[in-house]
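>>> I would like to see how this sequence folds:
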Amino acid sequence: MEGQHFSQIIKSLAGKYGEKTALCSRKNPGDEWTALTWNGFEKQVAIVAKALLELGVKELDRVGQFSQNMAENLIVDFAVFANRGTIVPMYATSSASQVEFIVNDAEIELIFVGDQIQYNVALEVLKNSKILKKIVVLDRNVELVNNESSMYYDDLVAVGTKSTKHYEVENRQQDALDEDLACILYTSGTTGNPKGVMMPHSCFIEAMRTHTMRLTSVTENDISVAFLPLSHVFERTWCYFCISKGVTIYINLKPLEIQQTIKEIRPTLMCAVPRFWEKVYAGVKENISKMSPLQMGIVTWAVETGKKHNIDHLRIGKKPGALLSLKYKLADKLIFSKVKETIGIENANLLPTAGARLSDEITLFMRSIGVPITYGYGLTESTATVCCFDYVNYEVGTVGKIMPDLQVRLGEENEIQLRGKTIFPGYYKNKAATQAAFTEDGWFKTGDAGIIKGDQLVMTERLKDLFKTSNGKYIAPQEIETRLGMDRFIEQVAVIGDERNFVTAIIVPSIPVLEEYAKKNNLKFDNIDDLLASEEIYKMYEKRIVELQSGMANYEKIKKFRFIKKGFTIESGELTNTLKMRRVIIMQKYKAIIDEMYAV
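I've put the predicted structure just below:
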C-alpha cells in the first residue's frame with residue numbers, strides 16, 4: 001500500500017488480505033498466541049477511532065501511549081491516525097518526571113498505559129499536570145484508583161461499539177493531509193530534556209516507498225517478531241513497513257522473553273540491536289571453546305567455507321562453483337543449521353540491525369554462517385534508515401548502501417548531513433534546537449562522523465561522544481566499548497578518558513560466567529566481592545582486554561579498569577531509554593572510583 005496515508009491504510013489492507021492473520025499477541029508468557037486477522041484489525045481500528053471521538057479527541061490532538069509492546073498499541077496508532085490525530089509514544093520504563101515533561105510539552109490530554117507500574121506513574125503525572133485528563137488502561141488486571149479519570153481499554157471499546165459517529169471519523173480521514181503529524185517521538189537525550197521529533201505522515205509514506213525499493217524480499221508470507229520498544233523509531237517504522245507489506249507481526253510483550261518467543265515463532269524477520277547479536281556470538285564462541293580439537297577444526301573449516309560461499313561469492317553477485325556449493329551444504333548441515341535452529345532463526349529472511357555499532361567480526365561471522373543480518377544506520381530525525389546492507393555488493397566495515405532518493409554529504413569534521421523526504425521538519429515547539437540541527441542551506445546535521453564510499457556509508461565516530469585526552473588525542477569510546485562488549489566475561493563497559501592523560505574503564509562483569517570460571521579454576525571465594533577483588537581475576541580480564549584491543553593505537557588502549565557489581569540501568573539514570581550511556585551521570589556516580597584510577 002505504497003503512498004497511502006496512514007489514516008486509511010488499514011481499511012485498504014483488510015480489503016486485500018481479509019482473514020489472513022495481521023497481528024498475534026498474548027498476555028502472559030506461555031499463553032497461547034491470540035491472532036487478529038486483517039478484517040479484525042480494521043474493525044478494531046474503526047471502533048477505537050469512534051471511541052476516541054466520543055471521548056473528545058479533536059483533529060490534530062496529541063494522544064500519549066505509555067506501554068510495553070502490545071497489539072493494542074498498533075490498533076490505537078491507526079485509530080488516532082483515522083481521527084487525524086498525532087500519537088506520542090513514551091518508553092515503558094520512563095519515570096514520572098519524564099512522562100510529565102512529555103505530557104506538558106506535547107499538551108497530552110489522553111494517555112494509554114500498559115500495566116500497573118505505568119498506570120501508577122501516569123496517576124502521579126495526573127495529580128501534578130494541569131493538562132492530562134484521562135488515562136486508558138490496556139491491561140484489565142490493573143487496579144484502577146481514580147475511576148473518574150481512568151478507564152479500561154475494554155470499556156473504551158464498548159463506547160466505540162455503541163457509537164454511531166463513523167461518518168465523522170470518515171470526514172476526518174478525508175481531511176487528513178500528508179503534512180499532518182503522525183507521531184512526535186521524544187529522543188531520550190544523554191543530557192538535558194528530550195526533544196520532540198516531529199514526524200509527519202509524509203516522512204512515513206516516503207519511508208514505506210524507499211524500503212519497498214530496497215528490501216525486495218519482504219512479502220506478505222513473512223513473519224516478524226516485534227521485541228524492540230515500539231516507542232523507538234526503529235521498531236515503529238519497521239512495524240509500519242511490515243503492516244504495509246501484509247506481514248504477520250508477533251508482538252513480544254516482555255524483552256526478557258524474546259529468546260523463548262523466537263524459538264516458538266521461528267520468525268523470518270526481526271529487528272535487533274547489536275547487543276543482541278553480541279550475546280549470541282559470545283554464546284556460540286563459548287560453545288566452541290568447550291569442543292574437542294577435532295570438533296574445533298570442523299567448525300573452523302565450516303566457517304571458512306561459509307565465508308568463501310557467502311562473502312567471497314554471493315556478496316558480490318558471483319555464483320559459487322559446484323564443489324564450493326557442495327562444501328557449503330555440508331557445512332550448513334553439520335554446523336550452521338544447528339546454530340540457527342538453537343537460536344530459532346533458521347527461517348530468517350532479513351534481520352535488520354541498528355542502534356549502535358556492530359563489530360565487523362560479528363557481522364562477518366553471522367553472514368558467513370548464513371544469518372542474514374542487515375546492518376544499517378539511522379536516526380529518529382531521518383525516520384530510521386539512512387542506509388543499510390543491500391542483498392549484494394554490501395561491504396563489511398560499512399553501514400550499508402544509502403537509501404534511494406536520500407541525499408548524504410559530509411560537513412565540517414566529516415559530519416554526516418542529510419536531506420530528503422524522510423528528514424523531519426523540526427523539533428516540537430523548540431525553534432532553537434531546530435535551528436541548531438540544520439545548516440543554513442537546509443541539511444540536517446546528524447552529529448555523527450563518517451566517510452562516503454561510493455554509494456555506501458562508513459561510520460567513524462559519534463561526534464557528540466568523542467572525548468579528548470589531556471595529551472590532545474581524540475578517542476571514540478564506542479569503538480572500544482564495542483570491542484570489549486563482544487567478550488562473554490563483560491556485560492557492560494564504560495570507557496573514561498575525557499581530559500585525562502590515559503584511558504580507563506568501569507566494567508560490569510558477567511557474574512554467572514565469572515563464577516563458572518572461578519569454580520573451573522579452583523578459585524576459592526565466598527561471594528562475588530571476593531572474586532572482583534582477586535588479583536588473578538583482574539589479570540585474567542587484563543589479558544582479555546589486551547587481546548580485544550589488539551591493533552588499536554596505544555593512546556586508545558585501556559590502562560586501568562575497575563569492576564562494579566550492579567550494571568548501568570535506565571532506572572538509575574545511567575542509561576537512556578534507548579540504552580545509550582549517560583556518561584555525565586556515570587562520571588558523577590563513580591567519581592571516587594575514577595579518581596582513584598588516576599591517582600599518582
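
>>> and the strands in the stretch 251-400 of the chain?
For the stretch 251-400 of the chain, the strands defined by DSSP state E, counting those that start in this stretch cover 269-270, 351-353, 373-379, 384-388.

>>> now do the third one against strand 384-388, angle only.
Just to be clear, that refers to strand 373-379. With axes from the mean of the first three to the mean of the last three Cα atoms, to 10 degrees applied, the angle from strand 373-379 to strand 384-388 works out at 130 degrees.

>>> sorry, back to before: output the strands of the stretch 251-400 of the chain in a markdown table; the columns should cover mean pLDDT.
Formatted as a markdown table, these follow (pLDDT from 0 to 100):
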| stretch | mean pLDDT |
| --- | --- |
| strand 269-270 | 98 |
| strand 351-353 | 97 |
| strand 373-379 | 96 |
| strand 384-388 | 97 |
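
>>> so which of those strands comes closest to residue 363?
strand 373-379 (5.9 Å; Cβ to Cβ). (Each C-beta comes from the backbone N, C-alpha and C, glycine too.)

>>> who's in contact with the closest one?
Identification of contacts with strand 373-379 by Cβ atoms under 8 Å, 6 or more residues apart in numbering yields 215, 233-234, 277, 350-354, 358, 363, 366-367, 384-389, 394, 399-400, 446, 448, 457, 459.

>>> please redo it, this time with the cut-off set to 6 Å
350-354, 358, 363, 366, 384-389, 399-400, 459 (Cβ atoms under 6 Å, 6 or more residues apart in numbering).

>>> again with stretch 194-212
Contacts of stretch 194-212 (Cβ under 6 Å, 6+ apart): 2-3, 5-6, 178-188, 237, 241, 244, 380-381, 383, 403-404, 421-422, 424-428, 430, 433.

>>> which strands or helices does the longest strand belonging to the chain pack on?
The longest strand of the chain (DSSP state E) is strand 444-453. On a contact count with 3 or more Cβ pairs under 6 Å, 6 or more residues apart in numbering; DSSP states H and E, strand 444-453 meets strand 415-419, strand 456-462.

>>> hey, C-alpha coordinates of stretch 158-173 in CSV?
The C-alpha coordinates for stretch 158-173 follow below in CSV (Å, rounded to 0.1, in the frame of the first residue of the first chain):
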residue,chain,number,x,y,z
ALA,A,158,-17.6,-0.8,24.4
VAL,A,159,-18.0,3.0,23.9
GLY,A,160,-16.8,2.8,20.3
THR,A,161,-19.0,-0.2,19.6
LYS,A,162,-22.1,1.7,20.6
SER,A,163,-21.0,4.9,18.8
THR,A,164,-22.7,5.9,15.5
LYS,A,165,-20.1,8.5,14.7
HIS,A,166,-18.4,6.6,11.8
TYR,A,167,-19.3,9.4,9.4
GLU,A,168,-17.5,12.0,11.5
VAL,A,169,-14.4,9.7,11.5
GLU,A,170,-14.6,9.3,7.8
ASN,A,171,-14.7,13.0,7.3
ARG,A,172,-11.6,13.4,9.4
GLN,A,173,-9.9,10.7,7.3
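
>>> that stretch: which residues count as buried?
Buried positions in stretch 158-173, judged by neighbour count with 16 or more other Cβ atoms under 10 Å: 159-160, 163, 169-170, 172-173.

>>> okay, those residues in TSV with distance to residue 453 and pLDDT next?
Formatted as TSV, the buried residues of stretch 158-173 follow (distance: Cβ to Cβ, whole Å; pLDDT from 0 to 100):
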residue	distance to residue 453	pLDDT
159	56	97
160	52	98
163	56	97
169	49	97
170	49	96
172	46	97
173	44	96
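
>>> show me the contact partners of the longest strand of the chain.
381, 413-418, 423, 437-438, 457-464.

>>> what residues sit buried inside it?
Of all the residues in strand 444-453, those buried under the rule 16+ other Cβ under 10 Å are 444-446, 448-450, 452.

>>> ok so, going back, closest one to residue 324 among the helices and strands packed on strand 444-453?
strand 456-462 (26.0 Å).

>>> list the buried residues of stretch 367-382.
Burial within stretch 367-382, assessed by neighbour count using 16+ other Cβ under 10 Å, is assigned to 367-382.

>>> quickly name whichever of the buried residues of stretch 158-173 is closest to residue 132.
After measuring the buried residues of stretch 158-173 against residue 132 - Cβ to Cβ - the closest member comes out as residue 159, at 19.3 Å.

>>> tell me the helix or strand right after the helix or strand that contains the closest one.
Secondary structure assignment for residue 159, by DSSP states H and E: helix 153-162. Counting by DSSP H and E, the next helix or strand C-terminal to helix 153-162 is helix 166-175.

>>> now do that following helix: distance to the chain's middle.
With Cα atoms, centre = their mean, to the nearest Å as the basis, helix 166-175 stands 34 Å off its chain's centre.

>>> just checking, next helix/strand downstream of it?
strand 181-187.

>>> residue 258 touches residue 226, doesn't it?
No: applying Cβ atoms under 6 Å as the test, residue 258 and residue 226 come out as separate, 10.0 Å apart.

>>> out of the two, which sits in the busier spot?
residue 226 (29 against 19; other Cβ atoms under 10 Å).

>>> the stretch 1-150 of the chain: strands as residue ranges?
Under DSSP E, counting those that start in this stretch, the stretch 1-150 of the chain gives strands at 21-25, 34-37, 62-66, 86-90, 110-113, 134-137, 150-152.

>>> which other helices and strands contact the second one?
The one in question is strand 34-37. strand 21-25.

>>> output the contacting helices and strands for the strand it packs on.
strand 34-37, strand 248-251.

>>> and with 8 Å instead?
Applying 3 or more Cβ pairs under 8 Å, 6 or more residues apart in numbering; DSSP states H and E, one finds that strand 21-25 contacts strand 34-37, helix 38-54, helix 71-82, strand 248-251.

>>> to residue 558, which of these lies closest?
Proximity to residue 558, assessed across the helices and strands packed on strand 21-25 by Cβ to Cβ, is greatest for strand 248-251 (40.4 Å).

>>> next SSE after the strand or helix carrying residue 212?
Using DSSP H and E, residue 212 maps to helix 201-214. Downstream of helix 201-214, the next assigned helix or strand under DSSP H and E is strand 223-226.

>>> any stretches of this structure with poor pLDDT?
1-2, 188-192, 470-471, 600 (pLDDT under 70).

>>> ok so, going back, dump the helices and strands packed on strand 21-25 to CSV, plus distance to residue 579 and mean neighbour count.
Listed next are the helices and strands packed on strand 21-25 as CSV, based on distance: least, Cβ to Cβ, whole Å; neighbours: other Cβ atoms under 10 Å:
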stretch, distance to residue 579, mean neighbour count
strand 34-37, 29, 16
helix 38-54, 30, 23
helix 71-82, 20, 26
strand 248-251, 20, 24
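
>>> thank you kindly, that will do.
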